[in-house]
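**Student:** I would like the atomic coordinates for the input below:
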Amino acid sequence: MSDSVPMESTAFTFPAAIIFDMDGLMLNSEIIFHKAWQDELMHLGYGAIDEAAYLQLVGCSNDLAEQMLLQLLGTEFPVDQFRTGWMTRWEILAAQGIPIKPGLDPLLNWLDEIGLPKAVGTSSSDREAQLSLQSTGLWSRFNAIVTVDKAGVGKPEPDIFLAAARSLNIPPSRCLVLEDSNAGVQAAITAGMEVIMVPDLQTPTDYSKKHALATVSSLHEVLSYLQNIA
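**Tutor:** Residues are numbered from 1 along each chain as shown. Below is the predicted model of the structure:
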């Protein structure tokens, strides 16, 4: 990625725990959500929304994304029908396999070796997280998995990450968050946590560039950085 920002070894001390986002960070799944959403919108006769509008939804909870769709498409938009339809389409697509992001396995293996606690903090629902993480063999690799269903409020609010820190019994200030979305970066900063952004579909905003510890091109870079300061 051309606008990667190098990380300085003096930027922060080694974290006591790491919180991983799920979609777009560990899993190459945002493209699956994109297809499910756009196909269902077409099915309902609304037509696909443009890419710029869709990208605003990335990283947000389903509830917030639905509110944004209502603002975009009008209050008559059949949001309940849409929710059922896109979820069905997503499950069919996800069952065909969700690719894991490059660098994830080496990073998780190293964190296991050094015994660093790790959690998932995702704006996805319990149902989505369970299907995604179990089908990819990742479910058992984390000390805790916190979804929007458990936290109650999705990103960009900090609730998911704060709940993940509590589940690990680690102070928020000692947690490092790994995120691909701008909403996730905002949630982490608001939670009082350091965050590294590994962009997927979204380009880092000025806010993300200013407040994230760094933006990097892959999880391989995250692993190299952590190994250098361990």
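**Student:** which parts of the protein are helices?
**Tutor:** Ranges of helices in the chain, per DSSP state H, are 30-43, 51-55, 62-73, 79-94, 104-114, 126-135, 148-151, 159-168, 182-190, 206-211, 219-229.
**Student:** ok, of those helices, where does mean pLDDT dip lowest?
**Tutor:** Lowest mean pLDDT of the helices of the chain: helix 51-55, a mean of 81.
**Student:** which residues sit against that one?
**Tutor:** Identification of contacts with helix 51-55 by C-beta atoms under 8 Å, 6 or more residues apart in numbering yields 34, 37-38, 72, 201-202. No exception for glycine: its C-beta is placed from N, CA and C like everyone else's.
**Student:** may I see the buried residues of it?
**Tutor:** Going by neighbour count (16 or more other C-beta atoms under 10 Å), the buried part of helix 51-55 is 54-55.
**Student:** just stretch 114-134 next, same as before
**Tutor:** Buried residues in stretch 114-134, counted by 16+ other C-beta under 10 Å: 116-125, 128-129, 131-133.
**Student:** so what pLDDT did the nearest residue to Gln130 once chain neighbours are set aside get?
**Tutor:** Using C-beta to C-beta, 6 or more residues apart in numbering and skipping the chain neighbours, the partner closest in space to Gln130 is Trp139 (7.1 Å). Note on Trp139: pLDDT of 96.
**Student:** go on, the one 4 residues further on?
**Tutor:** At Asn143, the predicted lDDT confidence score is 98.
**Student:** the nearest residue to Gln38 once chain neighbours are set aside and Leu176, how far apart?
**Tutor:** Leaving out its chain neighbours, the residue that sits closest to Gln38 by C-beta to C-beta, 6+ apart is Ala48, at 4.3 Å. Per C-beta to C-beta, to the nearest Å, Ala48 is found 36 Å from Leu176.
**Student:** who's more crowded, those two?
**Tutor:** Under the criterion of other C-beta atoms under 10 Å, the comparison of Ala48 against Leu176 puts Leu176 first, with 22 against 15.
**Student:** tell me the phi and psi of the closest residue to that one other than its chain neighbours?
**Tutor:** Spatial nearest neighbour of Leu176, excluding adjacent residues (C-beta to C-beta, 6+ apart): Pro15 at 3.8 Å. Dihedral pair for Pro15: phi -70, psi 160, per degrees, to the nearest 10.
**Student:** Tyr46 too?
**Tutor:** phi -100, psi -20.
**Student:** thought it was touching Glu76?
**Tutor:** No: counting by C-beta atoms under 8 Å, Tyr46 does not reach Glu76; the two are 10.4 Å apart.
**Student:** what comes into contact with stretch 163-170?
**Tutor:** 16-17, 19, 117, 119-121, 143-144, 146, 150-151, 171-172, 175, 191, 193.
**Student:** and that stretch, which residues are buried?
**Tutor:** 163-165, 167-168, 170.
**Student:** which ones are touching Leu108?
**Tutor:** Neighbour list for Leu108: 118, 138, 141 [criterion: C-beta under 8 Å, 6+ apart].
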